[in-house]
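In: Next come a sequence and a model predicted from it.
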Amino acid sequence: MLHVDGQDFEVKLTPEAIEPGYIMGRTSETTNVIAIDGTLPKSRQDEVMLHEMVHLASWVMPEDMVHDVGIRLYGMLREHGLLEEGELIDAMVSGTMSAEEMAVLNKDVQGQFAARKATRVSEVAWDGDQGRFTDEQWRQSCLINPDDSKGVSKLPVREPNGAVSRNACHVAATALVRGIGAVPFKVRAAARTLIRIYGDDLKEEPPQGLQDLAGD
């Protein structure tokens, strides 16, 4: 059980595969369920759990970056011997979710998933005017964000509603390859996130220059 900001989060494993590997839903005013695909390897279950913990920490970042952070944290913990495979998920899981519980949870969140998929990629002409966004929407849209409030967020790739903009991604890829004056590790992270968006959302092959920036 996790307790975050006055909310309880019960972690359960599902008896069958779910997409994208987890579902989070509310069962009461203060109690929520994080259901994780019980058919996944233990290492992947750990990664998914870290992914959800990043969300619960309320860090403002695009979903693709949350995915990266979860995987990288897991890799660092394993590399330094701070976490054994399955240790995280085993410590948090409170049981298995029944098929009936899965059906209820799915019914509650399927509308959200459908709406998210319907607006996943925007094909309209890109308008990069920051005035169209709230401060939080702008940060979530940008691939590179500053470490403090004095910096400037760069490389927006999402519309205010969260949809990926195909044209904005093309602009961001060109800008990254040409050079934007950011520190190397942030450029590399942005390139890797953008490559994932190219594959998962745009269904396009990323430019070779972008792949070169991302490294191995």
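Out: Cool, the structure landed.

In: And for this protein, the residue most distant from the center?
Out: Centroid-distance maximum for the chain: E100 at 27.6 Å, with Cα atoms, centre = their mean.

In: wait, is that one part of a helix?
Out: Yes - under DSSP: H, G, I helix; E, B strand; the rest coil, E100 sits within a helix.

In: For it, give its distance to P15.
Out: Distance from E100 to P15, counting by Cβ to Cβ, to the nearest Å: 11 Å. (Glycine included, C-beta is placed from N, CA and C.)

In: same deal with E52?
Out: Separation of E52 from P15 (Cβ to Cβ) stands at 19 Å.

In: Tell me which of these two has more neighbours.
Out: Neighbours were counted for E52 and for P15 using other Cβ atoms under 10 Å; E52 has more, 20 against 12.

In: Quick one: classify that one as helix, strand or coil.
Out: Per three-state DSSP, E52 ends up helix.

In: Could you pull up phi and psi at the residue nearest to it when sequence neighbours are not counted?
Out: Leaving aside its sequence neighbours, E52 sits nearest to I34 (Cβ to Cβ, 6 or more residues apart in numbering; 5.4 Å). Backbone torsions of I34, given as degrees, to the nearest 10, read phi -110, psi 110.

In: Number of residues surrounding D147?
Out: By the criterion of other Cβ under 10 Å, D147 has 8 neighbours.

In: ranges for the strands of this protein?
Out: All strands of the chain, identified by DSSP state E, fall at 2-4, 7-14, 22-26, 31-37, 93-96, 121-122, 142-144, 154-156, 164-165.

In: What helices and strands are in contact with the first one?
Out: In this structure, strand 2-4 makes packing contacts with strand 7-14, helix 42-56, judged by 3 or more Cβ pairs under 8 Å, 6 or more residues apart in numbering; DSSP states H and E.
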